[in-house]
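Asker: this is the structure alone, sequence omitted:
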């Protein structure tokens, strides 16, 4: 019974849908692994895939946050920006990449303040309490207009392409002037200082536009809840099919907001699929970096072993620009390391790259997907060689327990070091007790995953053994076929292989691949070895330019 429960919960977290034995997402086979002299049966290919069958939601609009609350401070500052101003700028801003926007500003077609107000107007128009609402934005930076004005005044001092670009942060990332709630009522008043990556963005002139909704506690809380739901933010909806197509989790608001043109770019975070899933589900570009390339300090954690932040954008070029703005060594993050490259590394020569002679491994069982087949043909047309491979028959034993045991120690560390000092909650058990005081407002879908964390009795020695086994399996899963076939990279769909990429701590990037007959977006995902983000961006850029697969959601133009 224990292993059945383990499997159910893990599949729910990474939302792996195994309803059909011919489904290419289905695990290859079962295997048995010994950890701490205990034989554990586990599936061998637990792919992270955040798609679910449609079902009615218990909650749609938040019961803890209203549109008027979000806009109370900023509305008076928007009085001089009219519908006519918005319509005049639409063709210049919608679906445009950062270099194009910067060129328009250089040509005096608009300024950073007007760009900021355009996105604010757009969020207010579409995001909440209307027939097209997406519930993707959870907070607006009350000082963003003044900050944009200051950047206009000092724009001759700009030195990075992110300068003046409005960015939305997933609401597990600390940013001054706004609460960091992780979607939970317990942290509704968690006013903090900036996280390290926010300082990185601001140091290069980026504008923090606001916060994006997310699956509460980064989808490691309620188990039975749909992806994209949080008690603070309500139910995030997919712009390609509201209440029909899943948003992906847990960076749901970040994926939706990027796709719907609510900001130039967004930041998400991933433990196992939480950037790749919403990016692919919303037809945008999502990069999960090598663990340690981007700081996690000041980000509400699940797992200090696996967590990472990363960019979600509409184009590969923008993704490279954002990554270039946020990477850097953080001495307070135990996984962080010193980078030897200068700013501009990820964007340099991106437009001049080629796939000629590159060799990519494509799992044989995925070559039944018509969009994947089409994507492989595009790669071949650009000079790449595609090698059909059999996947390694390995499992991810005790993955859920790794998350349990990490979060049990990592959450108190965040609360002690980075949360608002007025909040006295420290542990998962503290939050559970808080939620029980008004369960309808705080946990309408329950809190079963938090209960699993509180009940897990594993110790530090056991945790280290789990981590060692998982990392070994993850590295072998990719390295064996990559080395045996002299491959440059591994190809996947959406976040099907996010679990293995997570435990290997390898980077992965998904780029729009097209849409099913029912209009569901899918992404082509590239996975490579440690610190090969530049190569991922190059490969994805060539594919993106050749395929032109992304189509903006039609009701939001």
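Answerer: Noted; the coordinates are in hand. The structure presented is a predicted model; accordingly, all values stated were derived computationally and were not measured.
Asker: hey, let's count contacts and neighbours off CA atoms from now on
Answerer: Will do.
Asker: got any ranges where this protein has weak pLDDT?
Answerer: Scanning the chain for pLDDT under 70 picks out 1-55.
Asker: can you point me to the longest helix in it?
Answerer: Counting residues, the longest helix in the chain under DSSP state H turns out to be helix 460-484.
Asker: who are the packing partners of that helix?
Answerer: strand 30-35, helix 399-417, strand 489-493, helix 498-504 (3 or more C-alpha pairs under 8 Å, 6 or more residues apart in numbering; DSSP states H and E).
Asker: so of those, which one's packed in deepest?
Answerer: helix 498-504 (a mean of 27; mean count of other C-alpha atoms under 10 Å).
Asker: and it, what does it pack against?
Answerer: With contacts taken as 3+ C-alpha pairs under 8 Å, 6+ apart, helix 498-504 sits against helix 460-484.
Asker: now the helix it packs on against strand 489-493, angle please.
Answerer: In terms of direction (axes from the mean of the first three to the mean of the last three C-alpha atoms, to 10 degrees), helix 460-484 departs from strand 489-493 by 110 degrees.
Asker: buried residues, helix 460-484. List them.
Answerer: 462-463, 466-467, 469-471, 473-479, 481-482 (16 or more other C-alpha atoms under 10 Å).
Asker: switch the helices and strands packed on helix 460-484 over to JSON lines; also include distance to residue 527.
Answerer: Shown next, in JSON lines, are the helices and strands packed on helix 460-484 (distance: least, C-alpha to C-alpha, whole Å):
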{"stretch": "strand 30-35", "distance to residue 527": "24"}
{"stretch": "helix 399-417", "distance to residue 527": "20"}
{"stretch": "strand 489-493", "distance to residue 527": "5"}
{"stretch": "helix 498-504", "distance to residue 527": "7"}
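Asker: so which residue is dead centre in this protein?
Answerer: residue 275 (2.4 Å; C-alpha atoms, centre = their mean).
Asker: what lies in contact with the longest helix of the chain?
Answerer: With contacts defined as C-alpha atoms under 8 Å, 6 or more residues apart in numbering, helix 460-484 is touched by 35-36, 361, 389, 391-399, 401-402, 405-406, 487-490, 500-505.
Asker: okay, the angle between that helix and helix 399-417?
Answerer: Angle, helix 460-484 to helix 399-417, by the same axes, to 10 degrees: 120 degrees.
Asker: residue 99 in helix, strand or coil?
Answerer: helix (DSSP: H, G, I helix; E, B strand; the rest coil).
Asker: give me the three-state assignment for the closest residue to residue 77 other than its chain neighbours.
Answerer: Distance criterion C-alpha to C-alpha, 6 or more residues apart in numbering; nearest residue to residue 77, sequence neighbours excluded, is residue 145 at 7.6 Å. Here residue 145 is helix, with the state taken from three-state DSSP.
Asker: residues near residue 145, how many?
Answerer: Counted with other C-alpha atoms under 10 Å, residues neighbouring residue 145 total 22.
Asker: who's in contact with it?
Answerer: 77, 113, 116, 117.
Asker: could you measure from it over to residue 262?
Answerer: 15 Å (C-alpha to C-alpha, to the nearest Å).
Asker: what of residue 153?
Answerer: 24 Å.
Asker: more neighbours, the two?
Answerer: The residue with more neighbours, out of residue 153 and residue 262, is residue 262; 29 against 11, by other C-alpha under 10 Å.
Asker: am I right that that one is in contact with residue 124?
Answerer: No. Using C-alpha atoms under 8 Å, residue 262 makes no contact with residue 124, being 9.5 Å away.
Asker: in terms of helices and strands, where is residue 254?
Answerer: Using DSSP states H and E, residue 254 sits within helix 252-259.
Asker: contacts for that helix, please.
Answerer: By C-alpha under 8 Å, 6+ apart, helix 252-259 touches 134-137, 168-170, 212-215, 227-228, 236-239, 247, 263-268, 275, 278-279, 281-284, 312-314, 552-553.
Asker: beyond it, next helix or strand please.
Answerer: strand 265-270.
Asker: paired strands for that next one, with orientation please.
Answerer: Next to strand 265-270 in the sheet, as set by DSSP bridges, lie strand 166-170 (parallel), strand 308-313 (antiparallel).
Asker: list the contacts of the next helix or strand after that strand.
Answerer: For strand 265-270, the following helix or strand on the C-terminal side (DSSP H and E) is helix 276-281. Helix 276-281 is contacted from outside by 48-51, 238, 246-252, 254-256, 270, 285-288, 312, 494-495, 498, 508-512, 520-524, using C-alpha under 8 Å, 6+ apart.
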